[in-house]
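**Q** Predicted model and sequence below, questions to follow.
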Amino acid sequence: MDSKIIYDVIIIGAGPIGLACGLEAQKAGLRYLIIEKGALVNSLYHYPVNMNFFSTSEKLEIDEVPFISKDSKPSKQESLEYYRRIATSKKLEIRLYEKVLAVTKDVEFRIKTSKDEYSSKHIIIATGFYDIPVKLNIPGEDLDKLNHYYHDPHAYAFLETAVIGASNSAVDAALEIYRKGGIVTMIVRGNQIGDRVKYWVRPDIINRIEEGSIKAHFNATLTRIDKTTVTFTKDKETHIIANDQVLALPVINLTLSF
């Protein structure tokens, strides 16, 4: 660390919002730095392989840089290319794979990372919420068979997979895994598939449930994960079913405190 350097602003997170903040700092002539714990737009990088965005490409644009997509709903790969092109063409100051460990304040903010220490007059926290899974707090949550993130349906082919939740991410995973030969059971706290599920996907998952291709237990709560089974309660009764993998994909909640 060069103790003589005091940044005007340090931005924690190199997702779309972090990049947009960096661009504004750059245009304002500020001495800035973007620090990211993983890859560029790390959360997007960890989205499912086959994911398409809800939004049109125009709504994902930053700094009035056109986002050209071959379809009306851009793909994950197109978004990675778009944001990488912005970071490169605008020559943004970014430190990747450097995790922020602590932020304290004296006269300036002191930012300690896994690689260095920095001083800054201001900080912007642009970490989003995707990297903060909702913990189930139940026995067996530490087993390797549980995943809070879903990437590719091939990994679940021919396996008994429990998908927890009925949000967009859960529904997408359930449908993709079913179509790759997985045996899917959805365990849902609510009494139906979420109202906010994409309008072109919701009828698909409802039809698959009604025809029995995908099993679904509504008003149900997962209570235990074991090596070959999962346990859940439904209508005050306890149920145990065979299981190989668990995807815990409920709606994400985020609470920050300073």
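**A** Nice, I can see it. On a predicted model such as this, the values are computed, not experimentally measured, just so you know.
**Q** And the strands in the protein?
**A** Counting by DSSP state E, one finds strands in the chain at the ranges 7-12, 32-35, 94-95, 100-105, 109-113, 117-125, 146-147, 160-164, 183-187, 215-217, 220-225, 229-234, 237-242, 245-248.
**Q** could you dump the ones you listed to JSON lines with mean pLDDT?
**A** Listed next are these as JSON lines, based on pLDDT from 0 to 100:
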{"stretch": "strand 7-12", "mean pLDDT": "98"}
{"stretch": "strand 32-35", "mean pLDDT": "98"}
{"stretch": "strand 94-95", "mean pLDDT": "98"}
{"stretch": "strand 100-105", "mean pLDDT": "96"}
{"stretch": "strand 109-113", "mean pLDDT": "96"}
{"stretch": "strand 117-125", "mean pLDDT": "97"}
{"stretch": "strand 146-147", "mean pLDDT": "94"}
{"stretch": "strand 160-164", "mean pLDDT": "97"}
{"stretch": "strand 183-187", "mean pLDDT": "98"}
{"stretch": "strand 215-217", "mean pLDDT": "98"}
{"stretch": "strand 220-225", "mean pLDDT": "97"}
{"stretch": "strand 229-234", "mean pLDDT": "98"}
{"stretch": "strand 237-242", "mean pLDDT": "98"}
{"stretch": "strand 245-248", "mean pLDDT": "96"}
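**Q** which one of those strands lies closest to residue 84?
**A** Between residue 84 and the strands of the chain, the tightest spacing by Cβ to Cβ is seen for strand 94-95, at 10.8 Å. All C-beta atoms are positioned from the backbone trio N, CA, C, and that covers glycine.
**Q** who touches that closest one?
**A** Under the contact criterion Cβ atoms under 8 Å, 6 or more residues apart in numbering, strand 94-95 has outside partners 14, 22, 33-36, 40, 87, 113, 115-116.
**Q** List the pairing partners of that strand within its sheet, with orientation.
**A** According to DSSP bridges, strand 94-95 forms sheet pairs with strand 32-35 (parallel).
**Q** Show me which helix runs longest in the protein.
**A** Once the chain is assigned using DSSP state H, the helix that runs over the most residues is helix 76-89.
**Q** Give me the domain ranges for this structure.
**A** Under the assignment named as automatic domain parsing, the residue ranges that make up the domains of the chain are 7-125, 146-248.
**Q** Let's have those domains in JSON lines, adding mean neighbour count and distance to residue 140.
**A** Listed next are the domains of the chain as JSON lines, based on neighbours: other Cβ atoms under 10 Å; distance: least, Cβ to Cβ, whole Å:
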{"stretch": "domain 7-125", "mean neighbour count": "17", "distance to residue 140": "23"}
{"stretch": "domain 146-248", "mean neighbour count": "17", "distance to residue 140": "3"}
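**Q** Identify the farthest-apart pair in the contacts of strand 94-95.
**A** The largest separation in these, counting by Cβ to Cβ, is between 87 and 116 at 20.0 Å.
**Q** Verify the stated contact: residue 164 with residue 185.
**A** No: using Cβ atoms under 8 Å, residue 164 and residue 185 do not qualify as a contacting pair, with a distance of 9.8 Å.
**Q** Now do residue 156 against residue 113, distance only.
**A** Separation of residue 156 from residue 113 (Cβ to Cβ, to the nearest Å) stands at 36 Å.
**Q** I should have written residue 159 there, sorry.
**A** The separation that residue 159 has from residue 113, given Cβ to Cβ, amounts to 39 Å.
**Q** Can you name the residues that contact the nearest residue to residue 181 once chain neighbours are set aside?
**A** Counting by Cβ to Cβ, 6 or more residues apart in numbering, residue 181 lies nearest to residue 157, which is 4.5 Å off, once chain neighbours are set aside. Residues in contact with residue 157, defined by Cβ under 8 Å, 6+ apart, are 177, 180-182.
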